[in-house]
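1. Quick one, structure for this:
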Amino acid sequence: MKKFFAIVIISWAVFLGGWFFVYKLGINTLAIQSEDTIPAIILPVTVIKEGTLYADTYYKAIIEKYPHPNDKNYQKGLVPFYFRKVGEHYISAFPVVAGLLSVPVYLIPMLARVEITWDNLTVLSHLSASLVVALGGGFFYLLLKKLIDDKKAMLLTAIYLFATVNFAMVSQSLWQHGVVQLFTILSLLFLFRGAGKAIDVFISGLFLGLAVLSRPTAGILIPYFVLLPVYLRNRGLMDTKVSMISASAVVKPTAWLLLGLLPSAIFFIWYNVIYFVDIANQGYASQIGGNWLTLFPQGFLGLWFSPSKGILVYSSVFIFSLIGFALSLKNGIRKNLDSFLFMSIIITHTLILGAWKHWYGGYSFGYRMASDIIPFLVLLLIPYLKSPVFNKTKRLFYATLVISILFELVGLAFFDGIWHGTYDKGFWNQNWLWSVQNSELVFNIRRLLLKLGS
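-> Numbers count the residues shown, from 1 in each chain. Modelled structure (predicted):
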């Protein structure tokens, strides 16, 4: 456990210190990365001070600072997209788990009567967001130790934390993505720890339910996670005929996992009945039917290859995840069903999110909409690191790793919305997302060279 705490503390310090350094020196003065995170930033305050999820007390101050994008004069009365008005109350349009999970970080300052200012909320939200991702890294290391030797587990943990958008984006504001990754990792940890045992599968289901509660798109995981405990419990039989696996060996782990989802389902129903009254008032309700407007394969390929949003552009180290998956199939899907399920999750996620109107994640750094699948991309590096191919290609592997980390450092320093404001033409014209010359990375590198030369 010493390494667990070391990982959490060091990565927390790096995330927080990196932001504080560029912010205080005026290199990047963007305090809060997106209005999407505003409800989660204020929620711990209302919970601690008022025992409510409503943002009524602070609503006026919020819209003065962050009005609706189409309402430059906030007195017009447009409710910002990140809130919903239900009756006379204002409540987050997005899931509340990220905000609730931040309550312990806010608790002592709020009880000490620290003044509620945007400067103080900025610091508290950065403390919370960076801690969530740091904890995810610590638990991910515990999972990786069960799958690969300690040295390589540390390497993969470093990739997860610092060679992905977790560094420049997810750890820097209270997005839903950090919480989803944390609960996904915890769910996987209990699945692999118990190898299909009932209590571990049930706990895995509890964390999976919290992941879905944190962000609805995590529901993509459910059918694949139903299969994982069945595989883990019976993989010793995979060398024999499948018919030897009894029906109970399939039904029991499935039932325990689904049972673990119930508490989150009950909370979701209670939360909607009490706070939203009607599910149609939910923030995502109006978007579900009409926002799948990006035609295949533009969004799908964009999430992988766009010069400004692609996974393999911003985290080129994941090229070796694809190699790892290919290597895992050499022994057949039956013996490596976990790798097959991980890749299935990755492809399903990028296919579905690639059809979303804003598959590129709006004003955000890199592949935000695909950030939930980072743990699975890292897990697919394991077959590669275990193979002789790694020894033959390790220089190239480490080169892509260094480049991936450097891109994140550039993002930490320069993601401030200026590139989006310059080139973002919106959903209806997505050509700007495919320009190499005017890509976000090239734009930021030009800014870096300009600063170094001045």
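
2. Any idea which helix or strand in this protein has the lowest mean pLDDT?
-> helix 285-288 (a mean of 65; mean pLDDT, DSSP states H and E).

3. after it, next one along is what?
-> helix 298-305 (DSSP states H and E).

4. now Pro375, what's its secondary structure?
-> Classification of Pro375 using DSSP: H, G, I helix; E, B strand; the rest coil returns helix.

5. Just the pLDDT for it.
-> Pro375 is assigned 98 on the pLDDT scale.

6. What of the one 4 residues further on?
-> We note a pLDDT of 98 for Leu379 in this prediction.

7. Name the nearest residue to it, ignoring sequence neighbours.
-> Distances taken as Cβ to Cβ, 6 or more residues apart in numbering place Phe342 nearest to Leu379, at 5.4 Å, with adjacent residues excluded. For the C-beta atoms, the positions are set from N, CA and C on the backbone; glycine is no exception.

8. Can you report how many residues lie near Leu100?
-> 17 (other Cβ atoms under 10 Å).

9. Summarise which helices and strands whatever helix or strand it lives in is packed against.
-> Leu100 belongs to helix 97-101 when elements are defined using DSSP H and E. If contacts are counted by 3 or more Cβ pairs under 8 Å, 6 or more residues apart in numbering; DSSP states H and E, helix 97-101 sits against helix 38-50, helix 118-145, helix 176-194, helix 198-214.

10. Include distance to Tyr275, mean pLDDT and mean neighbour count when you put those into TSV, please.
-> TSV is the format used below for the helices and strands packed on helix 97-101 (distance: least, Cβ to Cβ, whole Å; pLDDT from 0 to 100; neighbours: other Cβ atoms under 10 Å):
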stretch	distance to Tyr275	mean pLDDT	mean neighbour count
helix 38-50	12	97	22
helix 118-145	22	98	22
helix 176-194	17	95	26
helix 198-214	14	96	23
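
11. For the ones you listed, could you give me a markdown table that also reports distance to Tyr59?
-> As requested, those are arranged in a markdown table below (distance: least, Cβ to Cβ, whole Å):
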| stretch | distance to Tyr59 |
| --- | --- |
| helix 38-50 | 9 |
| helix 118-145 | 14 |
| helix 176-194 | 21 |
| helix 198-214 | 23 |
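
12. Let me know which of these is the nearest to Pro388.
-> Pro388 lies closest to helix 118-145 among the helices and strands packed on helix 97-101, at 20.6 Å (Cβ to Cβ).

13. just the angle between that closest one and helix 198-214, please?
-> When axes from the mean of the first three to the mean of the last three Cα atoms, to 10 degrees is applied, the directions of helix 118-145 and helix 198-214 differ by 150 degrees.

14. Any idea which of the helices and strands packed on helix 97-101 gets closest to Thr57?
-> Of all those, it is helix 38-50 that lies closest to Thr57, at 6.7 Å by Cβ to Cβ.

15. then the closest one to CSV, C-alphas only?
-> Once non-C-alpha atoms are left out, helix 38-50 reads as follows in CSV (Å, rounded to 0.1, in the frame of the first residue of the first chain):
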residue,chain,number,x,y,z
ILE,A,38,-19.8,24.9,-12.8
PRO,A,39,-22.6,22.9,-11.2
ALA,A,40,-20.1,20.4,-9.8
ILE,A,41,-17.9,23.2,-8.4
ILE,A,42,-20.8,24.8,-6.5
LEU,A,43,-22.6,21.6,-5.4
PRO,A,44,-20.3,20.8,-2.4
VAL,A,45,-21.0,24.3,-1.1
THR,A,46,-24.8,23.9,-1.2
VAL,A,47,-24.6,20.4,0.3
ILE,A,48,-22.4,21.5,3.2
LYS,A,49,-24.0,24.8,4.0
GLU,A,50,-27.6,24.2,3.1
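
16. elements contacting it?
-> Packing partners of helix 38-50 (3+ Cβ pairs under 8 Å, 6+ apart): strand 89-92, helix 97-101, helix 103-111, helix 118-145.

17. Kindly export the second one (C-alpha atoms) in CSV.
-> Below are the C-alpha coordinates for helix 97-101, written out as CSV (Å, rounded to 0.1, in the frame of the first residue of the first chain):
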residue,chain,number,x,y,z
VAL,A,97,-21.7,12.5,-8.5
ALA,A,98,-18.5,14.5,-9.2
GLY,A,99,-19.8,17.3,-7.0
LEU,A,100,-20.9,14.9,-4.2
LEU,A,101,-17.5,13.2,-4.3
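
18. Residues in contact with it: which ones?
-> By Cβ atoms under 8 Å, 6 or more residues apart in numbering, the residues outside helix 97-101 that reach it are 37, 39-44, 47, 92, 128, 132, 174-176, 178-179, 210, 213-214.

19. Need the residue closest to the centroid of this structure.
-> Residue closest to the average C-alpha location in the chain (Cα atoms, centre = their mean): His177, at 2.5 Å.

20. Report the contact partners of that residue.
-> Applying Cβ under 8 Å, 6+ apart, we find His177 in contact with Val170, Arg215, Arg368, Ser371, Asp372.

21. now swap in Leu381 and tell me
-> Neighbours of Leu381 in contact, by Cβ under 8 Å, 6+ apart: Leu156, Ile159, Val317, Phe318, Phe320, Ser321, Gly324.

22. how about TSV for those, with distance to Ser308, pLDDT and secondary structure added?
-> Converted to TSV, those look like this (distance: Cβ to Cβ, whole Å; pLDDT from 0 to 100; DSSP: H, G, I helix; E, B strand; the rest coil):
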residue	distance to Ser308	pLDDT	secondary structure
Leu156	26	98	helix
Ile159	22	98	helix
Val317	18	98	helix
Phe318	17	98	helix
Phe320	22	98	helix
Ser321	21	98	helix
Gly324	26	97	helix
